[in-house]
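Novice: next come a sequence and a model predicted from it.
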Amino acid sequence: MTLPTPPMIKGLPLLGSLLEWRRDHLTLFQRAYREHGPVFAVRLGPQRGALLIGPEYHDFYFREVDGRLSVPELYKFVVPMFGDVMMAATDTARRRRHVALLQSAFQGRRLERYSQVMAAEVDAWLDGLGTSGAFDLWNTLEPVVMRIAASALMGPEIRARIDQFRPLLVDLARGMEFILPPNLPLPRFVRRDRARRQLTAMLRPVIEQRRRHPDRHEDFLQILVDDPGLGAEGDDVQVGMALCTIFTGYITTAAQACWTLALLLRHRDYLDSILALPEGPARDARLSWAFKEALRLRPVMGFYARNNAVDIDLDGYRLPRGWMTMLCPGVAHRLPEIFTDPDRYDPERFAPDRAEDRRHPHALIGFSGGFYRCPGQAFGTNEVLMLLGGLLSRYELDPLPVDPPADLDLGVTRPRSPTLVRYRRRD
């Protein structure tokens with residue numbers, strides 16, 4: 001007997017839920033979860049996907065990656081941006097080798113060195129803020145995070161040209177497209193391809209110089225240059241790996257830093273509880289709980305998706321071959337059986353005596369999970385805590401009057417501009 005497919009979200013002919021998904025996928029999936037439960041289906045133009053909501057399904061999803069759930073088909077959209085590298089690499093062994101190299105680049109002594117670079121960039125930014133003023137949340141924190149990423153990962157050559165590098169990377173981001181064919185003659189695709197060519201032209205001489213003088217640098221770019229496997233694959237792969245890493249690392253970190261600060265400024269009682277403590281481990285711990293709560297309530301990744309390599313029978317439903325299987329952190333992070341009073345801002349749920357995120361290994365999936373869990377999790381977390389910790393120590397910030405609306409135009413969920421933050425230097 002053939003099992004039924006999951007109940008489908010009602011949508012338009014041919015397009016399905018594509019237009020609503022583009023406007024606000026979180027509201028779409030929240031409504032579908034209330035109507036259909038933890039397994040339902042969505043049509044996004046020519047593609048269909050099954051949404052799985054809940055930690056037990058997260059286990060299945062992460063366990064089956066590179067098995068019944070295939071990775072590269074869903075990452076074809078990044079090939080024009082970065083090439084056939086990382087998650088888009090069609091050969092499983094090669095893809096895993098790329099990811100493993102990335103994992104090794106964010107551990108131990110290397111992570112300590114990155115932290116020193118972060119501290120220098122944060123101090124330089126804070127030194128330039130003056131005694132008082134106002135800044136736009138995204139348009140201020142995003143460039144700071146980009147400068148940190150360029151300094152720590154790409155080295156002084158790219159950091160010195162950040163005013164050229166950053167707008168090209170933004171053009172690359174705006175050309176990201178999950179549904180439409182990536183080779184359509186759309187203006188944003190034309191700008192994306194031009195940006196890729198110019199970024200490649202910027203990076204290739206740096207890579208060649210690094211090969212001639214391998215002992216001068218210890219940053220991430222040098223790791224790529226020194227790796228013999230990548231060297232055998234050629235310059236295009238090294239360039240693609242470098243661009244993919246700095247892009248995914250900087251844009252997600254910038255968005256999560258913005259949400260963390262926005263939520264703190266909307267909940268002054270908790271912010272005051274941080275500032276009441278002297279600088280040190282106790283204050284850092286409370287700030288880290290605020291970061292986790294932002295990751296729970298405002299995850300910057302709207303969904304994760306894999307391609308069904310075969311028909312999959314799951315809990316009375318058939319997930320057909322060729323469909324996507326998808327997770328939605330924004331819905332899963334608000335399940336009352338995992339998180340107490342889930343719609344309430346409550347960073348103390350992550351305190352050791354409560355530790356609600358430890359009720360299940362995959363309760364919190366803001367950094368994904370399994371083998372392909374974000375390799376730069378520790379890097380990004382440390383960066384946000386250092387950035388916001390320094391800002392809160394030096395400046396008093398006014399509350400935000402309203403919650404910032406979300407913007408999805410760069411492939412991540414970030415606060416929409418303008419969101420003004422007013423500040424005054426502390427005595």
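Specialist: Yep, it's here.
Novice: show me where the stretch 101-250 of the chain has helices.
Specialist: 108-127, 137-149, 156-159, 162-174, 187-212, 220-226, 228-233, 235-266 (DSSP state H, counting those that start in this stretch).
Novice: residue contacts, the one residue sitting closest to the centre of the chain?
Specialist: Centroid-nearest residue in the chain, with Cα atoms, centre = their mean: residue 252, separated by 3.4 Å. Residue 252 makes contact with 300, 301, 374, 380, 412, according to Cβ atoms under 8 Å, 6 or more residues apart in numbering. From N, CA and C alone the C-beta is placed, and that goes for glycine too.
Novice: which one of those residues sits closest to residue 280?
Specialist: For the contacts of residue 252, the residue nearest residue 280 by Cβ to Cβ is residue 380; the value is 22.4 Å.
Novice: that closest one looks like it's in a strand, true?
Specialist: No. Counting by DSSP: H, G, I helix; E, B strand; the rest coil, residue 380 is not found in a strand; it is helix.
Novice: so who does it touch?
Specialist: Going by Cβ under 8 Å, 6+ apart, residue 380 touches 249, 252, 253, 256, 374.
Novice: secondary structure class for the last one?
Specialist: Okay, so that is residue 374. Under three-state DSSP, residue 374 comes out as coil.
Novice: now do stretch 44-54: everything it contacts.
Specialist: Contacts of stretch 44-54 with the rest of the structure, by Cβ under 8 Å, 6+ apart, involve 5-6, 14-18, 21, 29, 32-33, 38-42, 58, 60-61, 179, 305, 314, 317, 319-320, 323-328, 331-332, 335.
Novice: if you set the cut-off to 7 Å instead, what comes out?
Specialist: 6, 15-18, 21, 29, 32-33, 38-42, 61, 179, 305, 319, 323-328, 331-332, 335 (Cβ atoms under 7 Å, 6 or more residues apart in numbering).
Novice: quick revisit: ok, the residue nearest to the centre of the chain to residue 376 distance?
Specialist: According to Cβ to Cβ, to the nearest Å, residue 252 and residue 376 sit 9 Å apart.
Novice: rewinding a little: need the helices of the stretch 101-250 of the chain in CSV (columns: mean pLDDT and distance to residue 280).
Specialist: Conversion of these to CSV gives the following (pLDDT from 0 to 100; distance: least, Cβ to Cβ, whole Å):
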stretch, mean pLDDT, distance to residue 280
helix 108-127, 92, 16
helix 137-149, 95, 23
helix 156-159, 94, 31
helix 162-174, 92, 33
helix 187-212, 94, 39
helix 220-226, 92, 30
helix 228-233, 90, 41
helix 235-266, 93, 19
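Novice: any idea which element residue 284 lies in?
Specialist: Following DSSP states H and E, one finds residue 284 within helix 281-297.
Novice: pairing partners for the next helix-or-strand element following that helix, with directions?
Specialist: As assigned by DSSP H and E, the chain's next helix or strand after helix 281-297 is strand 304-308. Sheet pairing of strand 304-308 (DSSP bridges) gives strand 69-70 (antiparallel), strand 324-327 (antiparallel).
Novice: wait, which of those is closest to residue 211?
Specialist: strand 69-70 (34.7 Å).
Novice: contact partners of the closest one?
Specialist: 61, 306, 307, 308, 309, 325.
Novice: rebuild the strands paired with strand 304-308 as a markdown table, extending it with distance to residue 211, mean pLDDT and mean neighbour count.
Specialist: Shown next, in a markdown table, are the strands paired with strand 304-308 (distance: least, Cβ to Cβ, whole Å; pLDDT from 0 to 100; neighbours: other Cβ atoms under 10 Å):
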| stretch | distance to residue 211 | mean pLDDT | mean neighbour count |
| --- | --- | --- | --- |
| strand 69-70 | 35 | 96 | 20 |
| strand 324-327 | 40 | 97 | 23 |
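Novice: who does the closest residue to residue 423 other than its chain neighbours bridge with?
Specialist: Of all residues not flanking residue 423 in the chain, residue 395 sits nearest, at 4.3 Å (Cβ to Cβ, 6 or more residues apart in numbering). With DSSP bridges as the criterion, residue 395 is bridged to residue 425.
Novice: residue 395 reaches residue 421, doesn't it?
Specialist: No. Between residue 395 and residue 421 no contact is recorded; they are 9.3 Å apart, counting by Cβ atoms under 7 Å.
Novice: phi, psi of the closest residue in space to residue 155 that isn't next to it in sequence?
Specialist: Spatial nearest neighbour of residue 155, chain neighbours left out: residue 219 (4.6 Å); criterion: Cβ to Cβ, 6+ apart. Main-chain torsions, residue 219, degrees, to the nearest 10: phi -90, psi -180.
Novice: so who does residue 137 touch?
Specialist: For residue 137, the contact set (Cβ under 7 Å, 6+ apart) comprises 258, 261, 262, 404, 415, 419, 421.
Novice: which of those residues has the largest number of neighbours?
Specialist: Neighbour tally across those (other Cβ atoms under 10 Å): the maximum, 29 neighbours, falls on residue 258.
Novice: now do residue 216, the pLDDT please.
Specialist: Predicted confidence (pLDDT) for residue 216: 87.
Novice: now do the residue lying closest to it once chain neighbours are set aside against residue 235, distance only.
Specialist: Sequence neighbours aside, residue 210 is the residue nearest to residue 216 in space, at 7.7 Å (criterion: Cβ to Cβ, 6+ apart). Counting by Cβ to Cβ, the gap from residue 210 to residue 235 is 11 Å.
Novice: neighbour count for those two, which is higher?
Specialist: Applying other Cβ under 10 Å to residue 210 and residue 235 shows that residue 210 carries more neighbours, namely 20 against 16.
Novice: wait, doesn't the more buried one sit right on residue 225?
Specialist: Yes. Applying Cβ under 7 Å, one finds residue 210 in contact with residue 225, separated by 4.4 Å.
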